[in-house]
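[1] predicted model and sequence follow; I will ask about them next.
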Amino acid sequence: MNGIRFDQFSRLCESIEGVSGRLDTIQMIAEAIPTLIDSELPVFIRFLMGKVFPDWSEQVLGIGPNLLYEGVAYVTGLKKGDVVTTIAGEGDVGRAVERLLAKKVQTSFFSEEPGIMEVYSDLTRIALSGGVNSQREKLRGIKKLFANATPLEGRYLARLLLEDMRIGVGEGNVREAIAQAFQIESSLVEHAHQALNDLGEVAVLARTGEESLKNVRIRLFHPVKMMLSQVGSIQGAIADHKTIIAEVKYDGSRFQFHREGKKARVYSRRLEDVTTALPDVVARLNEACSHDVILDGEVIAIKDGKPMPFQNVLRRFRRKHDVATMRDEVAMLPIVFDILYCDGETLIDLPVTARRQRLLEVVNGVAAPQLVSAATEEVEAFYQAALSEGHEGIMIKVPSSCYTPGVRGKNWLKVKPQVDTLDLLVIGADWGEGKRGRVFGSFLLACRNDAGAFSPVTRVATGFSDEELATLHDLLKDRVITASGREVTFEGDLVFEVGYAEVQISPNYAVGFALRFPRFIRVRDDKGKGDIDSIGTIRERYALQNRNAI
C-alpha cells in the first residue's frame, strides 16, 4: 500500500510529543512534509493540529467523550464505567486508551496497517452519519477504528476523535514547517493561509512554488477567520497614530456575509453556516447590496428601538426551529463595517480607508457609522455617545491597516468601560456545596500557552446565578473525562468570558500568572477553543497595568 500509514503518523506524533523545543518540532514536521503525496498532505497537516476537516468546512465529527468511551469499552471487552475509571486515573484520554487497547479482545478487520487516508475516510463517514440512527452509526465507525488500532495508534485516534492532539503543534509551527520544507518565505505561507483558512491546502500549493501562494485569492462561500482586536485607549491610539478611525462597538455577534448572484450565506464567528437561523438578516443584506461580496459585520438584537444584550443574539444564531416566532419577538439588525471581497477582487490587502470607500459604494443603509479624527476630545465624545445609546464602547482602527484574518493585533483596538475581560477555556470544575451540591460550583479555566496547548490560569466561582449553574451543568456533564473526589476535568470546548481586577504574578500556575478577583461574565457560544486568549495577551495586560500604575 502506498502512502503514509497511520502507525507511521502515530510514531511521528509520539516523537513530537517527546520534545519541548519549538524548533525541533518544526524540523520534524518539515522533514516529513516532502515525503507525502498531494492527496495525503492536507490530511496529514490537519491531523497534526487535531483537525479532521478545514476550519471553513461545514463537516463536523459530532463525537463526545461518552461515545468514545463506549467504543473503547466494546473493543476492550470492558464495561464503560471501567473505561471512565481508567481515564480518570490516567488524566489523559489518549494515554488511557493506549493502555486499554493493549488488552483489547476485538481484533483488526484488516491484515495490513491502514494509511492515514483510510482513517480519514472512516472519520468522514462518521461525520456524514445523520438521521435517527446517527449515534449508532458513529459508534460503529468508532468501534472499527479502535479495533484496527495498535495501542499507540489508539492514543492519537482518541485525541483526534476529540480534536485535541495535545502534542503542541499549532498553526504557527505548521506555517514555519511548510516554509522550511519547500524553502519559501513564511510570510507567503501566512498570507495564503489567511485567504484559504486551510493550511493543508496551503501546503499543497507551497509545493508548486511561491507564485502559487502569491496568487491565492479569497473564495466565496469559503469563510475566512475574522480579524480580531485587543484592548486599547483613545489617548494611546492618537499618540501612536495621530489620525484614527472610530466605530461603535456593538454588543452583538460577528458575521460574515457571502453573496454571489442570488445565492447568499451567513457565517458565524466560528465559521458555522447560520443562514437558516437568520432569514431576516439575509433579506436585509440582499436589499442593501446587489454585488458579489464578502462582508464583515455585527448582528445586534433590537427591541423598542434599543439594543438588547448579547445573549439574545446568540439564541437566534443557535436557533434551528421556530425561527419565524423568534424573528417576530426580536428584530435582528446587521451592521457592516468591512468588505473583504467585491466582484472578483480580493480586498484584504488594501488599507481600511480604501476598503471603507469601496464598502460605501456597494452597500446602502447598513454601513457602521464612523468617525475619522485626530482630536482626543472628539473621539471621546463619540465614545460617550455610543455608551449612552446602550452599546459596549468603540473600536479604534489604524487608517493604513490591512485586513488580517484571524490576527489579534494593534491595528484594531477596543475601548469599553467595563472591567478587563479574557476569553478562557473551561477545562475542569469542582462540585458545589450546600444547595449547589448537585451542580458544578467553581470552574478551572485555561489560556493558550506558548506551545499552543492549554494551561490553567485561574478558577472562577462568582458571577453565576443558580439558573446559569444548572445550565452549565447540563452543558458539561457529558464532557467529563476524569473525576477525583470533588474535582472533575473536561474535554474542553466551552469558553467563558471572565472579568478580573488585575493580572498577578503567581507560582500556582505553570504560566506564571493568575487573575485577581475573577468573575464570570458570560458563556461565549460564538467562540471555540481556538479563539481563547493566549499567555502572550495576559503578559501584555500585566505589563500595561504596571506601566499605567507608574
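    The structure has been received and is ready for your questions. Numbering: from 1, shown residues only.
[2] for the stretch 351-500 of the chain, which spans come out with low pLDDT?
    Low-confidence segments of the stretch 351-500 of the chain, defined by pLDDT under 70: 418-419.
[3] helices of that one, start to end?
    352-362, 376-388, 466-476 (DSSP state H, counting those that start in this stretch).
[4] out of these, which is the most enclosed?
    For the helices of the stretch 351-500 of the chain, average neighbour numbers computed from mean count of other C-beta atoms under 10 Å are highest in helix 352-362, which has a mean of 17. Using the backbone N, CA and C atoms, a C-beta is placed for each residue, glycine as well.
[5] elements contacting it?
    Other helices and strands packing on helix 352-362, by 3 or more C-beta pairs under 8 Å, 6 or more residues apart in numbering; DSSP states H and E, are strand 244-249, strand 331-342.
[6] the inter-axis angle of that helix versus strand 331-342?
    Using axes from the mean of the first three to the mean of the last three C-alpha atoms, to 10 degrees, the direction of helix 352-362 lies 110 degrees away from that of strand 331-342.
[7] what does helix 352-362 rub up against?
    Contacts to helix 352-362, defined as C-beta atoms under 8 Å, 6 or more residues apart in numbering, come from residues 245, 289, 291, 293, 295, 336-339, 342, 347, 350, 367, 370, 397-403.
[8] okay, the angle between it and strand 244-249?
    Calculated by the same axes, to 10 degrees, helix 352-362 forms an angle of 50 degrees with strand 244-249.
[9] got the CA positions of helix 352-362 in CSV?
    The C-alpha trace of helix 352-362 is given here as CSV (Å, rounded to 0.1, in the frame of the first residue of the first chain):
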residue,chain,number,x,y,z
VAL,A,352,-9.0,50.2,5.8
THR,A,353,-9.7,53.6,4.3
ALA,A,354,-9.8,52.2,0.8
ARG,A,355,-12.0,49.3,1.9
ARG,A,356,-14.3,51.8,3.6
GLN,A,357,-14.7,53.7,0.3
ARG,A,358,-15.5,50.5,-1.6
LEU,A,359,-17.9,49.4,1.1
LEU,A,360,-19.9,52.7,0.8
GLU,A,361,-20.0,52.3,-3.0
VAL,A,362,-21.7,48.8,-2.8
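[10] what would the helices of the stretch 351-500 of the chain look like in TSV with distance to residue 546?
    Shown next, in TSV, are the helices of the stretch 351-500 of the chain (distance: least, C-beta to C-beta, whole Å):
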stretch	distance to residue 546
helix 352-362	31
helix 376-388	24
helix 466-476	33
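[11] before we move on, back to that, buried subset of the contacts of helix 352-362, written for PyMOL?
    Only the buried members of those end up in this PyMOL selection, burial being decided by 16 or more other C-beta atoms under 10 Å:
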select buried, resi 245+289+293+295+336+337+338+339+342+347+350+367+370+397+398+399+401+402+403
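[12] from what I can see residue 423 touches residue 525, true?
    No - contact criterion C-beta atoms under 8 Å: residue 423 and residue 525 do not qualify, at 11.6 Å.
[13] closest to residue 262 out of the helices and strands packed on helix 352-362?
    strand 331-342 (17.2 Å; C-beta to C-beta).
[14] so which elements touch that closest one?
    Packed against strand 331-342 by the contact rule (3+ C-beta pairs under 8 Å, 6+ apart) you find strand 253-260, helix 279-288, strand 293-303, helix 352-362.
[15] 6 Å instead, please
    Judged by 3 or more C-beta pairs under 6 Å, 6 or more residues apart in numbering; DSSP states H and E, strand 331-342 is in contact with helix 279-288, strand 293-303, helix 352-362.
[16] next, count neighbours for residue 72.
    28 (other C-beta atoms under 10 Å).
[17] for residue 274, see how far away it is.
    Applying C-beta to C-beta, to the nearest Å, the value for residue 72 to residue 274 is 34 Å.
[18] can you check residue 449 too?
    In terms of C-beta to C-beta, residue 449 sits 31 Å off from residue 274.
[19] neighbour-wise, which of these two wins?
    residue 274 (24 against 17).
[20] any weak-confidence spans in this structure?
    1-2, 105-112, 318-329, 418-419, 547-550.
[21] just confirm residue 130 is within a helix.
    No - the assignment for residue 130, made by DSSP: H, G, I helix; E, B strand; the rest coil, is coil rather than a helix.
[22] re earlier: turn the helices and strands packed on strand 331-342 into a markdown table, including distance to residue 60.
    Converted to a markdown table, those look like this (distance: least, C-beta to C-beta, whole Å):
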| stretch | distance to residue 60 |
| --- | --- |
| helix 279-288 | 22 |
| strand 293-303 | 22 |
| helix 352-362 | 32 |
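[23] which ones are touching residue 497?
    421, 423, 521-522, 524 (C-beta atoms under 6 Å, 6 or more residues apart in numbering).
[24] most neighbours among those, which one?
    When neighbours are counted by other C-beta under 10 Å, residue 524 leads the contacts of residue 497 with 22 neighbours.
[25] give me the spatial nearest neighbour of that residue, chain neighbours excluded.
    Closest residue to residue 524 apart from its sequence neighbours, by C-beta to C-beta, 6 or more residues apart in numbering: residue 495 at 4.3 Å.
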